[in-house]
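Enquirer: Return a 3D structure for these sequence lines:
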Amino acid sequence: MNPAQAGLLLVDDDPLIRDTLSFVLGDQFTVRCAANRTEAIALATSVDFVPALALVDLGLPPRSHQPDEGFRLIVELAALLPTLKILALTGQTDEHNARHARTLGAVDFIAKPAGPDVIRAALARALNWQVAEHTLQPRLEIAGLIGASAPMERLRKQVHQFAAAPFPVLITGESGSGKEAVAKALHVASPRADGPCLALNCAALTESLIEATLFGHAKGAFTGATVARAGYFEEAAGGTLFLDEIGELPLPLQAKLLRVLENGEYQRLGETQTRTSAARVVTATNRDLRALARSGAFRTDLYHRLSVLSIETPPLRELGDDRLLLLTHFLGHYAQQLGQAPFTLDSSAIQAWLRYGFPGNVRELRNIAIRLLAKYPGQTIDAAMLTDEFDSEALPPAAHTGRVDEDAAIRLLRDHADFNLDNWLASWEQQCIAAALKLADGNMSQAARLLGINRTTLYSRLEAKSGKDHQL
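Expert: The predicted model follows:
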């Protein structure tokens, strides 16, 4: 993209800053200015101006000394214009504000006062990122690999490492965690990207239909087979064949799949002619295939063949602020699809969103975003409105209302004349820790996740309890 042709949306409530930057940057960009969030949205949605970049001051009216309005604008711009590169230019330089701005969709954070060279360099970097994203990264984002957390970075690195290899890949992870998205990313990042990518859910069809779908069938092979048909192994030649829920594949078909993986050979249902397939096989499961193989429910030789390369998709609860990035992604997609104005979350709703564990992972997050968009288009959502959409059994303690149950506290104080807050909190903490360790079968990392604390914090609290017990 030629910088001279790039549109720059400048949002600042200070007219002197707007005039100065418009003059300084006008030789490189087509600059349009806005003094507040409403004007900025109007410019971003106008038919005669399509900005590539946006410089947004966080402190905007009506509360110019708070970053909330700027945060809200970043979310709305990211939803309306997914390719727009947003840079925060602000005097509110607290590191938390910088981190939160990036979480919401800003690509850079520039502290005021900043000289023209600093701003030009930041804009040039953002423009280069936009050009680079026309290659592989948007293809991975289309596949759903969105996020800036360490687990997502590791996941993308594995996809890049395994994409070009011809060997099978086994993708494991919880239901809804994006295993199909990883399979699609493996395909689009591979030399097979121009070929077909076919998917089959092994749990959705009967054994006979799975066999006919995978291997094809001859005319008259079964009732209703009036014509011969090719199967997925034939149609996916030169591309990728994704077999989801591979743990549900019936044992007789496991032997046939193993044969294809070993030498590429298969036969259509009702035929004796041997055919060959060059499709790359990617499989996925939320079950423990190794345990299934030990029990005899899954062929051990097939398990080893499928897991030559393996990728584990992280659960959404481990992705931190990526939950906000995913919300922005789905909100932008479905707002455009439905022709609705995107909603925004206030600060209480953002905290509730980040506290929620999303037991259904990315699939649940996407569905919640769709429901909220249908119910509250263009509105600001608070914590109470948001938690109505959450699974009540998965909410953290006291998250149903966002506060402690006052009536229960009153009853507690009335019923216990010798009540001691410190002792009660310590007892409740130890009960929660014991319950988490029991649920996690003693796994410290998993117990810490259940408690919503770091593993080191859990260790220190256990050591503190051990010290007290020892003193007693």
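Enquirer: low-confidence ranges in the protein?
Expert: Counting by pLDDT under 70, the chain has low-confidence residues at 1-4, 92-95, 103, 129-144, 393-408, 410-412, 414-418, 441, 455-456, 463-472.
Enquirer: which residue is nearest the middle of it?
Expert: Central residue of the chain (Cα atoms, centre = their mean): residue 326, 4.7 Å from the mean position.
Enquirer: now stretch 247-259, how far from the centre of its chain.
Expert: On the basis of Cα atoms, centre = their mean, to the nearest Å, stretch 247-259 sits 32 Å off its chain's mean C-alpha point.
Enquirer: now swap in stretch 360-368 and tell me
Expert: A distance of 9 Å separates the centroid of the chain from that of stretch 360-368, by Cα atoms, centre = their mean.
Enquirer: How about stretch 196-207?
Expert: With Cα atoms, centre = their mean, you get 24 Å for stretch 196-207.
Enquirer: Same question for stretch 184-196.
Expert: Averaging C-alpha positions (Cα atoms, centre = their mean) puts stretch 184-196 20 Å from its chain's average.
Enquirer: Check stretch 24-38 too.
Expert: Worked out by Cα atoms, centre = their mean, stretch 24-38 lies 32 Å from the chain centre.
Enquirer: what comes into contact with it?
Expert: Contacts to stretch 24-38, defined as Cβ atoms under 8 Å, 6 or more residues apart in numbering, come from residues 3-13, 15, 18, 21-22, 40, 42-43, 49, 51, 53, 60-61, 69, 72-73, 76, 116, 119-120, 123. C-betas here are computed from N, CA, C, even on glycine.
Enquirer: In helices, which of those fall?
Expert: Members of those lying in helices (criterion: DSSP state H): 15, 18, 21-22, 40, 42-43, 69, 72-73, 76, 116, 119-120, 123.
Enquirer: and those residues, which are buried?
Expert: 18, 21, 40, 43, 69, 72, 73, 76, 119, 123 (16 or more other Cβ atoms under 10 Å).
Enquirer: could these be laid out in JSON lines, adding distance to residue 236?
Expert: What follows is those, written out as JSON lines (distance: Cβ to Cβ, whole Å):
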{"residue": "18", "distance to residue 236": "55"}
{"residue": "21", "distance to residue 236": "53"}
{"residue": "40", "distance to residue 236": "47"}
{"residue": "43", "distance to residue 236": "46"}
{"residue": "69", "distance to residue 236": "50"}
{"residue": "72", "distance to residue 236": "45"}
{"residue": "73", "distance to residue 236": "45"}
{"residue": "76", "distance to residue 236": "41"}
{"residue": "119", "distance to residue 236": "50"}
{"residue": "123", "distance to residue 236": "44"}
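Enquirer: Closest to residue 440 out of these?
Expert: Nearest to residue 440 among these: residue 72, at 38.1 Å, using Cβ to Cβ.
Enquirer: what are the ranges of the strands in this protein?
Expert: Ranges of strands in the chain, per DSSP state E, are 7-11, 30-34, 51-56, 85-90, 106-111, 169-172, 197-201, 240-244, 265-267, 274-276, 280-285, 309-312, 344-345, 380-381.
Enquirer: For the ones you listed, could you give me CSV that also reports distance to residue 367 and mean neighbour count?
Expert: Listed next are those as CSV, based on distance: least, Cβ to Cβ, whole Å; neighbours: other Cβ atoms under 10 Å:
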stretch, distance to residue 367, mean neighbour count
strand 7-11, 32, 24
strand 30-34, 34, 20
strand 51-56, 30, 26
strand 85-90, 27, 25
strand 106-111, 27, 19
strand 169-172, 21, 23
strand 197-201, 18, 19
strand 240-244, 19, 24
strand 265-267, 37, 16
strand 274-276, 41, 14
strand 280-285, 20, 25
strand 309-312, 23, 18
strand 344-345, 16, 22
strand 380-381, 16, 16
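Enquirer: got those strands as CSV, with distance to residue 149 columns?
Expert: Shown next, in CSV, are those (distance: least, Cβ to Cβ, whole Å):
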stretch, distance to residue 149
strand 7-11, 28
strand 30-34, 32
strand 51-56, 23
strand 85-90, 19
strand 106-111, 16
strand 169-172, 18
strand 197-201, 26
strand 240-244, 25
strand 265-267, 41
strand 274-276, 42
strand 280-285, 21
strand 309-312, 15
strand 344-345, 19
strand 380-381, 24
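Enquirer: Residue 429 is nearest to which of the ones you listed?
Expert: Among these, the nearest to residue 429 by Cβ to Cβ is strand 344-345 (30.0 Å).
Enquirer: Parallel or antiparallel, list what pairs with the closest one.
Expert: Applying DSSP bridges, strand 344-345 is found paired with strand 380-381 (parallel).
Enquirer: Which residues does the partner strand contact?
Expert: Applying Cβ under 8 Å, 6+ apart, the contact partners of strand 380-381 are 72, 343, 344, 345, 346, 349, 372.
Enquirer: Can you pick out the most distant pair from those residues?
Expert: 72 and 372 (15.4 Å).
Enquirer: returning to what we had before: my guess is the residue nearest to the centre of the chain contacts residue 361. True?
Expert: No - assessed by Cβ atoms under 8 Å, residue 326 is found out of contact with residue 361, at 10.1 Å.
Enquirer: got any residues that touch both of those two?
Expert: residue 316.
Enquirer: what residues are up against residue 442?
Expert: For residue 442, the contact set (Cβ under 8 Å, 6+ apart) is empty.
Enquirer: and stretch 332-344, which residues are buried?
Expert: 332, 334, 335, 341, 342, 343, 344.
Enquirer: got a list of contacts for it?
Expert: The contact list for stretch 332-344 (Cβ under 8 Å, 6+ apart) reads 72, 75-76, 78-80, 82, 331, 369-370, 372-374, 376-381.
Enquirer: Now, those residues that are in helices?
Expert: Using DSSP H, those in helices are 72, 75, 76, 78, 79, 80, 331, 369, 370, 372, 373, 374.
Enquirer: List the buried residues for the longest helix along the chain?
Expert: In the chain, with assignment by DSSP H, the single longest helix is helix 421-439. Buried positions in helix 421-439, judged by neighbour count with 16+ other Cβ under 10 Å: 433, 436, 437.
Enquirer: returning to what we had before: any chance of a markdown table for the buried residues of stretch 332-344, columns distance to residue 284?
Expert: Below are those laid out as a markdown table (distance: Cβ to Cβ, whole Å):
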| residue | distance to residue 284 |
| --- | --- |
| 332 | 27 |
| 334 | 25 |
| 335 | 29 |
| 341 | 36 |
| 342 | 31 |
| 343 | 32 |
| 344 | 34 |
